[in-house]
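Sequence and computational prediction follow.
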Amino acid sequence: MKPFHIFNSLTRAVEPFMPLDTSPTPTATFYSCGPTVYLPQHLGNMRAYVFVDTLRRALEFNGYTVRHVMNITDVGHMTSDEDAGEDKIEKTARAEGKSPLEVANFYIAQFKRDCAALNIALPIDAVPDAVAHPPQSALCRATDNIPAMIGVIEQIAAHGYAYTTPSGVYFDVEKWRGPSGMGRLSRQSLSEQHAGQRLEHSADKRSPHDFALWVLNQPHHMMQWDFPGIGRGYPGWHIECSAMSMRYLGETIDIHSGGLDHIPVHHENEIAQSESATGHQFVRYFVHNAFLTGMAGAKISKSAGRFPVLDDLVEEKIHPLAFRLLCLGAKYRSELAFSIDAVRAAEKNLNYLNEFVRCLQPRVIANAHDAAWAGAYEERFHEAMNNDLNTPQALAVALELVAAAYRQNDHRIWHTLRIFDMVLGLDLEGRIKEIAKGVFPPRINRLMTEREKARAAKDFKRSDELRAEIELSGYEVKDTKAGMVVMPKRVAP
Ligand SMILES: [Zn+2]
């Protein structure tokens, strides 16, 4: 196995990835903070899920079996992010006159649809009431995991890091970290972490930094559950990730992903909760993606105050995968500036790849081996992906491979390109399926068959006539080592 390197926010260094499982066919456990389902996911959110999907694909490319869990926050994420304000789902529910479940279901469906359009493979839906929970991949909802959360809160309390007041069960941050303790992940003191945030210092919290594990006595809250011995209420936002990660993947996991904004509070709190409950390390590699910028000024936004969503691109007749390619064109740890022009530029590269694949002949595809020269590109691609997920570099290698195929008039690179695409996720395989269905009009198909017969019979005069006829219909004809290649007249990359 080639070493896969990834930037670990815990050590702030690019490190070789070494999973807990040291068997020859290792499994990697991967937890991703998922969507809060009260609004459509904007393109900045979707960039994070493209990153998550690419990381999972890269791990699989390297031979790991990935157990991937993503949560869906359908309760407990408050409008201030700081356990204060209204529940985000319930706020939308009241505004739209729906139940919280209806709101969540609606936006989950939309999220899944957008993921599918971006070729993001989500884990399968968790079975809510399954009794046995061996480690597995799952897309799981917070509201299906309340007993697991209660279990973790009880463990934290048993170790002395939680206390109960009339307003809820709180995590005792200062006891865990000490009065001036630095956060392991953010390397910030508590006051630095919460700088700029208006902390609600409810009278019964020991410190303004303490956060809610379980909220009590909020009769207006629609979603409530019984916490035996504590009382009726609902969980805080952070506890759901600790509980679901442990429930599905075990007490220590290999990789945990999220946005950079999760570092100071959400992930610090997850570490505190999980490690105080179990007494050992929660996550071995924390990975964080940077933001998509420039969205506020994006003209595409139909109404002020809303970030662009995937539907906006579709309305502009831009293929959703152009957005995926835009994301791949930047390193996940760098900010990426969004603009319609940038997505359109990415779409040109997408079209360039699509056109190449669409015009491959069945015999090139059926050929078991690619041209020997393609091997060097695969080496470079693998190296780029394993170097902290250097997708811009990997994408450049894929484009260079196609350009080289055109230059050398040797199109025997499908298998190499297909391997690249298993990581890049641009659905080039979909173009191959179109070939199987026959993308050429019947007349062109007939001319192609006739020309192949003429060439086989060494009737070059007839072959040239047929070439001219095909070209007149807007196609290019090339005779390559792998046979005749016909493609629509292509746009320069
Ligand atoms: Zn989370």
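Nice, I can see it. Numbers count the residues shown, from 1 in each chain.

from the middle of its chain, how far away would stretch 358-371 be?
A distance of 31 Å separates the centroid of the chain from that of stretch 358-371, by C-alpha atoms, centre = their mean, to the nearest Å.

Check stretch 327-344 too.
The answer for stretch 327-344 is 15 Å, by C-alpha atoms, centre = their mean.

Between the two ends of it, how far is it?
When the termini of stretch 327-344 are compared using C-alpha to C-alpha, to the nearest Å, they are 13 Å apart.

repeat for stretch 161-178
12 Å.

Pull up the gap between residue 241 and residue 69, please.
10 Å (C-beta to C-beta, to the nearest Å). No exception for glycine: its C-beta is placed from N, CA and C like everyone else's.

and the residue in the stretch 201-350 of the chain that the ion sits nearest to, what element?
Relative to the ion, the nearest point of the stretch 201-350 of the chain is residue 241 (3.2 Å; C-beta to the ion). In the assignment (DSSP states H and E), residue 241 maps to helix 237-249.

What of residue 325?
helix 320-328.

ok so, going back, so what touches the next helix or strand after the helix holding residue 241?
Next helix or strand after helix 237-249 toward the C-terminus (DSSP H and E): strand 253-259. Residues from elsewhere that reach strand 253-259 (C-beta atoms under 8 Å, 6 or more residues apart in numbering): 6, 17, 19-20, 28-33, 48, 51-52, 55, 245, 266-267, 270, 282-289, 291.

so who does the closest residue to the ion within the stretch 51-200 of the chain touch?
Using C-beta to the ion, the closest approach of the stretch 51-200 of the chain to the ion is made by residue 71 at 6.4 Å. By C-beta under 8 Å, 6+ apart, the residues touching residue 71 are 31-34, 140-142, 240-241, 244.

and if we set it to 7 Å?
33-34, 140, 142, 240-241, 244 (C-beta atoms under 7 Å, 6 or more residues apart in numbering).

What of residue 332?
If you count contacts by C-beta under 7 Å, 6+ apart, residue 332 has them with 51, 289-290, 389.

Can you tell me which of the residues you listed are buried?
Buried residues within the contacts of residue 332, defined by neighbour count using 16 or more other C-beta atoms under 10 Å: 51, 289-290, 389.

okay, those in a markdown table with distance to residue 347, pLDDT and secondary structure next?
Formatted as a markdown table, these follow (distance: C-beta to C-beta, whole Å; pLDDT from 0 to 100; DSSP: H, G, I helix; E, B strand; the rest coil):
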| residue | distance to residue 347 | pLDDT | secondary structure |
| --- | --- | --- | --- |
| 51 | 20 | 98 | helix |
| 289 | 22 | 96 | strand |
| 290 | 22 | 95 | coil |
| 389 | 22 | 98 | coil |
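
can those residues go into CSV with extra columns for distance to residue 309?
Converted to CSV, the buried ones among the contacts of residue 332 look like this (distance: C-beta to C-beta, whole Å):
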residue, distance to residue 309
51, 18
289, 18
290, 20
389, 25
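
Which pair of those spans the longest distance?
290 and 389 (12.3 Å; C-beta to C-beta).

Tell me which stretches of the stretch 251-400 of the chain form helices.
For the stretch 251-400 of the chain, applying DSSP state H, counting those that start in this stretch gives helices covering 268-278, 310-315, 320-328, 340-358, 362-366, 375-386, 391-408.

Sweet, I'm off.
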